[in-house]
Structures are given as C-alpha cells and as structure tokens.
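Enquirer: Need a 3D model of the following:
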Amino acid sequence: MSRTPIEPDDDPVADAAAVAGATTATEPVEAAAREILAVRRRARALAGLRAMGARGDFDALLDKRNLRS
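Expert: Coordinates of the predicted model:
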C-alpha cells in the first residue's frame, strides 16, 4: 500500500484515538476508512433486500400456511 501524507485535524483524531483506545494517529484514520466501507456495504445490502421485497420475493413468507408445511 502506498503512503499518502494527510493532515487531519488533530482534535478529532485525538478524540477518536482515545475512544477507540488507539495508540497511534493512524489507527483511528484506518478505522474510519473501514467504517465508511462497512456503512456503504450495509446500505447496498439493504437496497438489495428492498428490491427483493418490491419484487415479491418474500411474499411466500407472509402466508403462514407455507411455514407449517
């Protein structure tokens, strides 16, 4: 991985490091990047579930007779 020099605000990075128990300034920045990716993945998964619901993919689950057989 390449090194990219960044100059984030010291206060938010220090606060995030304290909350996360991080020992370096790099750790909260990396954690923030991972969190951004996780949020986007969850949003895509939810959008996919919404689309499946709109298509009726879950309609069989609404009929209790299907659950008992």
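Enquirer: tell me the mean pLDDT for the lengthiest helix in the chain?
Expert: Counting by DSSP state H, the longest helix found in the chain is helix 26-55. When pLDDT is averaged over helix 26-55, the result is 96.
Enquirer: which helices and strands sit right next to the helix or strand that comes right after that helix?
Expert: Counting by DSSP states H and E, the next helix or strand C-terminal to helix 26-55 is helix 59-62. Taking 3 or more Cβ pairs under 8 Å, 6 or more residues apart in numbering; DSSP states H and E as contact, there are no helices or strands that helix 59-62 lies on. The C-beta positions use only the backbone N, C-alpha and C, and glycine is treated the same way.
Enquirer: Give the buried residues for the longest helix of the chain.
Expert: Residues of helix 26-55 classed as buried by neighbour count (16 or more other Cβ atoms under 10 Å): 28-29.
Enquirer: mind starting the numbering at 599 from now?
Expert: With the count now opening at 599, the last piece we talked about shows up as helix 624-653.
Enquirer: Output the contacting helices and strands for it.
Expert: Contacting helix 624-653 under the criterion 3+ Cβ pairs under 8 Å, 6+ apart are the following elements: helix 608-618.
Enquirer: what's the helix it packs on in contact with?
Expert: For helix 608-618, contacts defined as Cβ atoms under 8 Å, 6 or more residues apart in numbering pick out 620-623, 625-627, 629-630.
Enquirer: Export that helix to CSV, keeping only CA atoms.
Expert: Provided in CSV are the C-alpha atoms of helix 608-618 (Å, rounded to 0.1, in the frame of the first residue of the first chain):
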residue,chain,number,x,y,z
ASP,A,608,-5.6,16.9,15.5
ASP,A,609,-8.5,17.2,17.9
PRO,A,610,-11.0,14.8,16.2
VAL,A,611,-8.2,12.3,15.5
ALA,A,612,-7.0,12.5,19.1
ASP,A,613,-10.6,12.2,20.4
ALA,A,614,-11.3,9.2,18.1
ALA,A,615,-8.0,7.6,19.2
ALA,A,616,-8.9,8.0,22.9
VAL,A,617,-12.4,6.5,22.4
ALA,A,618,-11.0,3.6,20.4
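Enquirer: Okay then, goodbye and thanks.
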